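**Student:** structural data only, the sequence is not supplied:
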């Protein structure tokens, strides 16, 4: 699994003009699933993100986690994280898992964040989504497990 996490003041997802998810302070998490990924990957990624210390403490140092600040998460499926741009100018996405694997694993990942104690909302798998964020920092981190 791959994730791009962005520390945000707020984030939301709109599908066909309808807002389906929104969070305040926390993380927008773009998640990609590979064909070999499974429950263990989702569990490890959820734990890593919930405990990752990327929020500032009183001294302005990145020393607090999403759990420490009682932040929220917005999970958005993103197969394009597996884009292969080595040949030509049109990316190939053959490294991404098929929807039959990717959708339940994205949903499981969001559920595991909730089990960690993180209030979590989700985008709509496979939909054309408009994702709005107000970056905080900006802080953007890539994680691959």
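**Tutor:** That came through, no problem. Everything quoted here is computed from the prediction, not taken from an experiment.
**Student:** show me where the chain has helices.
**Tutor:** Taking DSSP state H to define them, one finds helices in the chain at 39-51, 99-115.
**Student:** contacting residues for residue 11?
**Tutor:** Residues near residue 11 by C-beta atoms under 8 Å, 6 or more residues apart in numbering: 22-23, 26, 28, 74, 131-134. Where you see a C-beta, it was placed from the backbone N, CA and C, and this is true even at glycine.
**Student:** what's the closest of the helices of the chain to residue 144?
**Tutor:** helix 39-51 (9.1 Å; C-beta to C-beta).
**Student:** buried residues of the closest one, list them for me.
**Tutor:** For helix 39-51, a neighbour-count test (16 or more other C-beta atoms under 10 Å) marks 41-43, 45-46, 49-50 as buried.
**Student:** list phi and psi for the residue of the chain positioned farthest from its centre.
**Tutor:** The C-alpha centroid of the chain is most remote from residue 88, which lies 28.2 Å away (C-alpha atoms, centre = their mean). Per-residue torsions, residue 88: phi 70, psi -160 (degrees, to the nearest 10).
**Student:** longest strand of this structure?
**Tutor:** Among the elements of the chain assigned as strand by DSSP state E, the one spanning the most residues is strand 129-144.
**Student:** by contact count, what packs against it?
**Tutor:** Contacts defined by 3 or more C-beta pairs under 8 Å, 6 or more residues apart in numbering; DSSP states H and E place strand 129-144 against strand 2-15, helix 39-51.
**Student:** export those to TSV and append columns for mean pLDDT and distance to residue 110.
**Tutor:** As requested, the helices and strands packed on strand 129-144 are exported to TSV (pLDDT from 0 to 100; distance: least, C-beta to C-beta, whole Å):
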stretch	mean pLDDT	distance to residue 110
strand 2-15	98	12
helix 39-51	98	8
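**Student:** of these, which is nearest residue 81?
**Tutor:** Across the helices and strands packed on strand 129-144, residue 81 has its closest neighbour in strand 2-15 (4.5 Å, C-beta to C-beta).
**Student:** would you mark the buried spots in the closest one?
**Tutor:** In strand 2-15, counting by 16+ other C-beta under 10 Å, buried: 2-8, 10-14.
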